[in-house]
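S.K.: Prediction below, plus the sequence it came from.
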Amino acid sequence: MKKLFLICLAIILQAVTITGEGVSKTTKVAKKDALVDLSSTISTNVKSEYRSYQAKLGDEYKQNKENFIDISTNLPIKGVKFRENSTDEDIKAIAILDENSLKVYQESLKLLKQNNKNIKIHLEFASIQSKSLRKKIADRILPNVNCLGMDDTEIANLVHIMGHDKLSEDIIKNSRIEDVIEASKILLEEYDNLELVQTHTMYYIMCLCRKDNPLNDEELKKTLELATVLASTKAKLGNILKIEDLREGVRIPHNKYGDSLNSIVENLKNNDEYQDYKITMVPSRLVKNPKSTVGLGDTISAGAFIGYVSLLKNKNNKNI
């Protein structure tokens, strides 16, 4: 346990030293010499568009349902909320996804890369009910990122809009790790820009990358272990306030299905279909009486991504 804690500590300390040239919050956009808060910019933009379209919705909504998204549940921008005592007309009103918002995201991601050649960008996919919106994000945002994270339902929904209906249905119904790995492979084949696809469920966190990824199997495993420790710590304590808190997460054992999951993954590694890939999986650490479960998926993905960028940067520095 002490060794694992020291590994987590080393990764975190390395991550702290990473500047804007290596990692950045995706909600911040490098513009010239300043940082612009992209989330507030888009929120204002969408609110403005909502007011502009509100009077026009009626028949237009009925005729073009696929071009609308529910602003209270599916809008991919946090913080856009309307008053609780909304009129019936407000409740029925569905905001048109502002085309300019997608353009802002695309241009901002390109600007980040332009000003930070070595930056790594992670996209955490979400549960998006609108197939049309899902496809727009897959077509226009996904090609601009390096790493992708999601849960098993979200990866099922993603491959569904790519035409893999049967696989999507199987994942939703059975949640077999074999199917999730197959879906991850499909994404790496479809998007050359992706270095790594990471999927998390209640029982494991798994990543798939190409064979030529600079990190070896052991290093990739360390990034996933960091993610599980961060998640179990947050679940047990409710929050993470200091490095020492991670000792609590380290003490929590992997769940009882770990051996079975490991066996499945090891068998898949010997499959000809995956000879050009690295498959890494770490069982989750389940807290019996968690103080908090909100945001654990994001905690896992953020931990794995920071671990990945940290070890990648460390390896690149050694090779200079």
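M.R.: Yep, that arrived.
S.K.: For residue 147, which residues are in contact?
M.R.: By Cβ atoms under 8 Å, 6 or more residues apart in numbering, the contact set of residue 147 is 120-123, 194-198, 305, 308. C-beta: built from backbone N, CA, C; applies to glycine.
S.K.: Which one of those is nearest to residue 132?
M.R.: Closest to residue 132 out of the contacts of residue 147 is residue 123 (18.2 Å), distances taken as Cβ to Cβ.
S.K.: how close does residue 105 get to residue 138?
M.R.: For residue 105, the distance to residue 138 equals 13 Å [Cβ to Cβ, to the nearest Å].
S.K.: What is the three-state secondary structure of residue 126?
M.R.: The three-state label given to residue 126 by DSSP: H, G, I helix; E, B strand; the rest coil is coil.
S.K.: That one against residue 154, yeah?
M.R.: Yes - the pair formed by residue 126 and residue 154 meets the contact definition of Cβ atoms under 8 Å, at 6.8 Å.
S.K.: more neighbours, the two?
M.R.: Between residue 126 and residue 154, counting by other Cβ atoms under 10 Å, residue 154 is the more crowded of the two (20 against 15).
S.K.: got the contact list for that one?
M.R.: By Cβ under 8 Å, 6+ apart, the residues touching residue 154 are 125-127.
S.K.: buried ones in stretch 299-318?
M.R.: In terms of neighbour count (16 or more other Cβ atoms under 10 Å), stretch 299-318 has its buried residues at 299-314.
S.K.: Keeping just the C-alphas, turn that stretch into PDB.
M.R.: Output of stretch 299-318 as PDB, limited to C-alpha atoms (Å, rounded to 0.1, in the frame of the first residue of the first chain):
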ATOM      1  CA  THR A 299     -12.700  12.100 -11.000                       C
ATOM      2  CA  ILE A 300     -11.700   8.800 -12.600                       C
ATOM      3  CA  SER A 301     -11.200  10.200 -16.000                       C
ATOM      4  CA  ALA A 302      -9.400  13.300 -14.800                       C
ATOM      5  CA  GLY A 303      -7.100  11.200 -12.700                       C
ATOM      6  CA  ALA A 304      -6.300   8.800 -15.500                       C
ATOM      7  CA  PHE A 305      -5.700  11.700 -17.900                       C
ATOM      8  CA  ILE A 306      -3.400  13.700 -15.600                       C
ATOM      9  CA  GLY A 307      -1.600  10.400 -14.900                       C
ATOM     10  CA  TYR A 308      -1.200   9.800 -18.600                       C
ATOM     11  CA  VAL A 309       0.100  13.300 -19.400                       C
ATOM     12  CA  SER A 310       2.400  13.300 -16.400                       C
ATOM     13  CA  LEU A 311       4.100  10.100 -17.200                       C
ATOM     14  CA  LEU A 312       4.200  11.000 -20.900                       C
ATOM     15  CA  LYS A 313       5.900  14.300 -20.200                       C
ATOM     16  CA  ASN A 314       8.300  12.600 -17.800                       C
ATOM     17  CA  LYS A 315       9.300  10.000 -20.500                       C
ATOM     18  CA  ASN A 316       9.700  12.700 -23.100                       C
ATOM     19  CA  ASN A 317      12.000  14.700 -20.900                       C
ATOM     20  CA  LYS A 318      14.200  11.700 -20.300                       C
END
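S.K.: host element of residue 199?
M.R.: strand 196-200 (DSSP states H and E).
S.K.: And for that strand, what's in contact with it?
M.R.: The contact list for strand 196-200 (Cβ under 8 Å, 6+ apart) reads 146-152, 155, 180, 183-184, 187-188, 205-209, 213, 227, 284, 297, 300-301, 304-305, 308.
S.K.: Just the buried subset of the residues you listed, please.
M.R.: 146-152, 155, 180, 183-184, 187-188, 205-209, 213, 227, 284, 297, 300-301, 304-305, 308.
S.K.: Please list the members of those residues that lie in helices.
M.R.: Using DSSP state H, the subset of the buried ones among the contacts of strand 196-200 located in helices is 152, 155, 180, 183-184, 187-188, 227, 297, 300-301, 304-305, 308.
S.K.: Give the residue spans of the protein that score low on pLDDT.
M.R.: Residues of the chain that meet the criterion pLDDT under 70 lie in 1-100, 319-320.
S.K.: 90 - rerun?
M.R.: The chain contains residues with pLDDT under 90 at 1-119, 121, 126-134, 136-137, 140, 242-243, 292-298, 313-320.
S.K.: ranges for the helices of it?
M.R.: In the chain, the segments counted as helices under DSSP H are 2-16, 38-54, 57-63, 88-92, 99-115, 131-140, 152-160, 165-174, 177-190, 217-237, 246-251, 258-269, 296-319.
S.K.: Now render the ones you listed as JSON lines, adding distance to residue 277.
M.R.: Below are these laid out as JSON lines (distance: least, Cβ to Cβ, whole Å):
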{"stretch": "helix 2-16", "distance to residue 277": "23"}
{"stretch": "helix 38-54", "distance to residue 277": "33"}
{"stretch": "helix 57-63", "distance to residue 277": "44"}
{"stretch": "helix 88-92", "distance to residue 277": "47"}
{"stretch": "helix 99-115", "distance to residue 277": "25"}
{"stretch": "helix 131-140", "distance to residue 277": "21"}
{"stretch": "helix 152-160", "distance to residue 277": "16"}
{"stretch": "helix 165-174", "distance to residue 277": "17"}
{"stretch": "helix 177-190", "distance to residue 277": "7"}
{"stretch": "helix 217-237", "distance to residue 277": "11"}
{"stretch": "helix 246-251", "distance to residue 277": "29"}
{"stretch": "helix 258-269", "distance to residue 277": "9"}
{"stretch": "helix 296-319", "distance to residue 277": "16"}
